[in-house]
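Enquirer: only the shape, not the letters, is given here:
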């Protein structure tokens, strides 16, 4: 469970960092999005620390459930990314089928 929690937290950390970097600067309505992703980065860092240092099983379960819940928050970004990749592959297949 410790390794799964750390893996989920690393996934959250990477996806949230990418989200913060890709948001356009200077737009006021995007401030809430940035705050959410910065909070996700902080939480995932704390989850990694607690998962690595805590020996109490109850604490490990709470950290695992919390990181799983936070992963569902970040999940739509991953689903969107997979859709974009699948669309690009489909376009590449169509391009190759035309004989290019």
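Expert: Thanks, I have the structure now. Worth saying up front: this structure is predicted, and the values here are computed from it rather than measured.
Enquirer: tell me the mean pLDDT for the strand or helix carrying residue 76?
Expert: Using DSSP states H and E, residue 76 sits within helix 57-97. For helix 57-97, mean pLDDT rounds to 83.
Enquirer: name the helices or strands packed onto that helix?
Expert: helix 2-22, helix 31-53 (3 or more Cβ pairs under 8 Å, 6 or more residues apart in numbering; DSSP states H and E). For glycine as for every other residue, the C-beta is placed from the backbone atoms N, C-alpha and C.
Enquirer: so what's the residue count around residue 79?
Expert: Applying other Cβ atoms under 10 Å, we find 9 other residues in the vicinity of residue 79.
Enquirer: gap between it and residue 41?
Expert: Per Cβ to Cβ, to the nearest Å, residue 79 is found 20 Å from residue 41.
Enquirer: now tabulate the helices and strands packed on helix 57-97 in CSV and tack on mean neighbour count, distance to residue 59 and mean pLDDT.
Expert: Putting those into CSV (neighbours: other Cβ atoms under 10 Å; distance: least, Cβ to Cβ, whole Å; pLDDT from 0 to 100) gives the following:
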stretch, mean neighbour count, distance to residue 59, mean pLDDT
helix 2-22, 17, 11, 83
helix 31-53, 16, 7, 82
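Enquirer: what's the closest of these to residue 95?
Expert: Nearest to residue 95 among the helices and strands packed on helix 57-97 is helix 2-22 (26.6 Å), distances taken as Cβ to Cβ.
Enquirer: which elements pack onto that closest one?
Expert: Packing partners of helix 2-22 (3+ Cβ pairs under 8 Å, 6+ apart): helix 31-53, helix 57-97.
Enquirer: show me the contacts for residue 36.
Expert: For residue 36, the contact set (Cβ atoms under 8 Å, 6 or more residues apart in numbering) comprises residue 73.
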